[in-house]
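[1] pasted the sequence and its predicted model underneath.
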Amino acid sequence: MQLDAVLFDIDDTLCRYRRSGAEILDAAFERTGHEPFITLPEYHGHYPDFVDDSDSMDDLRERCFAAIAESKGRDPASGRAVAQAYAAERDHGNVEPLPGVEDALSAVEGMPVGVVTNGAPEMQSQKLAGIGLEDAFDVVVHAGYDAPAKPNPEPFETALSALSASPDRTLHVGNSLQSDVAGARAAGLGSVWVPDSDEPAEPEPDYTLSTLSEFPSLLSERAAIDGQSGRAATDE
């Protein structure tokens, strides 16, 4: 079946920070003079609690850090202070493209292409600019801001509407099973998983790639299968 469109995630799919979150968090505690009382898994675990109600990434982080501080019997203000120091350390434009990005985008040249990302517009736009892709996409949906966060199907549906694409003729490419694969499935899209960890493959993606460099081959294989199916139907 010929594709109408392809959608991509941004974080750890198209690019990654040159400085890890752990490095930034350590620097934030050093800046504030607080002993470390927040871990990245705790921060990421609180993310879904506030993402739909926050108006920026900085606001989201402050809410998360304040909640973690309060849960540990600390003044929420200390959590907000660490979040502000984290924001001062983090440069959203200091990112690098992941292997195969140019190959993947070349393979979809001439096709409607979009982004569905969990992240604030001011943050995600800096990342795309940082890897020279600020004008590469026909639509960018900031889930959690323009629509509910992934895996809610709404941000995918918003992108499909903007591209005039059918879900069953669209692929979404991302690194997260819980956000990208589950969200794509909920919206009726095909899912392409490019894992950045060894997490169990549940929910099961339609396709799994080691890197985006393999994406052109995936499209070629799909086209070949579609061609064979079309000839078979004609023969009948």
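    Here it is on my side, so go on.
[2] just the helices in this protein please.
    Secondary structure of the chain, counting by DSSP state H: helices at 21-32, 40-50, 57-71, 76-89, 101-107, 121-130, 154-163, 182-187, 215-235.
[3] out of those, flag the one nearest residue 138.
    Closest approach to residue 138 among those (Cβ to Cβ): helix 154-163, 6.1 Å. Placement of C-beta: from N, CA and C, glycine included.
[4] buried set for that closest one?
    Buried residues in helix 154-163, counted by 16 or more other Cβ atoms under 10 Å: 154, 155, 156, 157, 158, 159, 160, 163.
[5] name the surrounding residues that touch it.
    Here helix 154-163 makes contact (Cβ atoms under 8 Å, 6 or more residues apart in numbering) with 4-5, 7, 112, 114-116, 138-139, 141-143, 146-150, 165-167, 170, 172, 183-184, 186-187, 189.
[6] kindly recompute the last result at 6 Å.
    With Cβ atoms under 6 Å, 6 or more residues apart in numbering as the test, helix 154-163 has contacts from 5, 7, 112, 114, 116, 139, 141, 143, 147-148, 167, 187, 189.
[7] what's the mean pLDDT across that helix?
    Across helix 154-163, the average pLDDT comes to 98.
[8] restricting to C-alpha, output that helix in CSV.
    Extracted C-alpha coordinates of helix 154-163, given in CSV (Å, rounded to 0.1, in the frame of the first residue of the first chain):
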residue,chain,number,x,y,z
GLU,A,154,-5.1,13.2,19.1
PRO,A,155,-1.7,14.6,18.2
PHE,A,156,-1.3,12.0,15.5
GLU,A,157,-4.8,12.8,14.2
THR,A,158,-3.9,16.5,14.2
ALA,A,159,-0.8,15.7,12.0
LEU,A,160,-2.8,13.5,9.7
SER,A,161,-5.5,16.2,9.2
ALA,A,162,-2.8,18.8,8.3
LEU,A,163,-1.2,16.4,5.8
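[9] would you format the buried residues of helix 154-163 as CSV with distance to residue 58 included?
    Formatted as CSV, those follow (distance: Cβ to Cβ, whole Å):
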residue, distance to residue 58
154, 24
155, 21
156, 26
157, 28
158, 24
159, 25
160, 30
163, 30
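[10] distance check, residue 151 against residue 53.
    18 Å (Cβ to Cβ, to the nearest Å).
[11] who has more neighbours out of these two?
    residue 151 (23 against 10; other Cβ atoms under 10 Å).
[12] residue 183 is in contact with the more buried one, correct?
    Yes. Taking Cβ atoms under 6 Å as the definition, residue 151 is a contact partner of residue 183 at 3.5 Å.
[13] which of the contacts of helix 154-163 tops the neighbour count?
    residue 116 leads those on contacts (other Cβ under 10 Å) with 32 neighbours.
[14] that one touches residue 6, doesn't it?
    No. Checked against Cβ under 6 Å, the pair residue 116 and residue 6 is beyond contact range at 10.9 Å.
[15] nice, that's everything, thank you.
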